[in-house]
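Participant: The sequence isn't on hand, but the structure is:
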């Protein structure tokens, strides 16, 4: 059965040492297997301390989430911005290696919310520029046993890649440790057939984030979860499923993620209901 994890963003942003010290013990007590660790700014949490905390509570690091606010871009930008973004992503890979996380995942190509129109030729040039810029990051991560999961976002958050098929094209030619991070929230918006899209991602899948179609708990929405999870199981993916959502109580993260209303009776309830639903479903869908 796949491990089930949760992202501390459900409760807090930024995720720092104090947030992890408060959240990790509760996740363990509730029965989660893993934690997804976002890095908004390098140094928000100490990898050695986080590693010890996870070990103390019997949890593993499912992955590190790269965060791309304005100014973190690998494409359609200046050389200095590319260099600083590469340095940030390499630091994320270092942190992942230190906590034993297999993957750094996220929209590592451009800042969230940055959109522009591209002709076919301009898109091809954009993708080529991305591959050139990510290559040294991929090599750095690979030397540390870490993979990179590139996440497609919905059309309101990026114009670079919105679908799995586009992401497969984007990463073509990069080392094998570069693949795809699936996110059911974005897939629900952009994929005409989110179940077939899982098969297209196939062997490229490095990490998986799950949430309801409204960013609430998995199962409290209209996605056919048994069908989606069966499609994922058919790919042979053996990593964790991590519940990612956000709190409306934190102004910064609520604005960034467009969370304008509570998505559950409480953030604890969101995590617990999602965990219970996935636990009920997974033995059937992965049998």
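Facilitator: Structure received. Just so you know, these numbers come straight off a predicted model, no measurement behind them.
Participant: C-alpha from now on. contacts and neighbour counts both.
Facilitator: Will do.
Participant: May I ask which helix or strand encompasses residue 149?
Facilitator: Residue 149 belongs to strand 147-151 when elements are defined using DSSP states H and E.
Participant: got the angle between the next helix or strand after that strand and strand 147-151?
Facilitator: Counting by DSSP H and E, the next helix or strand C-terminal to strand 147-151 is helix 164-171. With axes from the mean of the first three to the mean of the last three Cα atoms, to 10 degrees defining the directions, helix 164-171 sits at 130 degrees from strand 147-151.
Participant: What residues sit buried inside helix 164-171?
Facilitator: By neighbour count on 16 or more other Cα atoms under 10 Å, the buried set for helix 164-171 is 164, 167-168, 170-171.
Participant: Show me what it is in contact with.
Facilitator: Helix 164-171 has contacts (Cα atoms under 8 Å, 6 or more residues apart in numbering) with 127-128, 130-131, 150-152, 161, 178-180, 191, 197-198, 200-201, 204.
Participant: Could you measure from residue 99 over to residue 44?
Facilitator: The gap separating residue 99 from residue 44 is 14 Å, by Cα to Cα, to the nearest Å.
Participant: From the structure, what's the count of residues near residue 241?
Facilitator: 26 (other Cα atoms under 10 Å).
Participant: same thing with residue 79?
Facilitator: Neighbours around residue 79, by other Cα under 10 Å: 13.
Participant: which residues does residue 188 contact?
Facilitator: Neighbouring residues of residue 188 by Cα under 8 Å, 6+ apart: 194, 213, 223.
Participant: still on that earlier bit, which of residue 99 and residue 44 has more residues huddled nearby?
Facilitator: Legend: neighbour count by other Cα under 10 Å for residue 99 and residue 44, higher for residue 99 (23 against 14).
Participant: Does that one touch residue 48 like I think?
Facilitator: Yes - at 7.0 Å, residue 99 counts as touching residue 48 under the criterion of Cα atoms under 8 Å.
Participant: which helices and strands does the strand holding residue 149 pack with?
Facilitator: strand 103-106, helix 120-143, strand 178-183, strand 205-210 (3 or more Cα pairs under 8 Å, 6 or more residues apart in numbering; DSSP states H and E).
Participant: Repeat the analysis, applying 7 Å as the threshold.
Facilitator: Packed against strand 147-151, as judged by 3 or more Cα pairs under 7 Å, 6 or more residues apart in numbering; DSSP states H and E, are the following elements: strand 103-106, strand 178-183.
Participant: Any buried residues in the helix or strand hosting residue 281, and which?
Facilitator: Assigned by DSSP H and E, residue 281 belongs to helix 267-285. Judged by neighbour count using 16+ other Cα under 10 Å, the buried positions of helix 267-285 are 267, 270-276, 278-279, 282, 285.
Participant: repeat for stretch 169-187
Facilitator: Buried positions in stretch 169-187, judged by neighbour count with 16+ other Cα under 10 Å: 170-171, 175, 177-187.
Participant: Mind putting these into a markdown table with pLDDT?
Facilitator: Listed next are the buried residues of stretch 169-187 as a markdown table, based on pLDDT from 0 to 100:
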| residue | pLDDT |
| --- | --- |
| 170 | 98 |
| 171 | 98 |
| 175 | 98 |
| 177 | 98 |
| 178 | 99 |
| 179 | 98 |
| 180 | 98 |
| 181 | 98 |
| 182 | 98 |
| 183 | 98 |
| 184 | 98 |
| 185 | 97 |
| 186 | 98 |
| 187 | 98 |
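Participant: Looking at those residues, which one is closest to residue 110?
Facilitator: residue 170 (12.8 Å; Cα to Cα).
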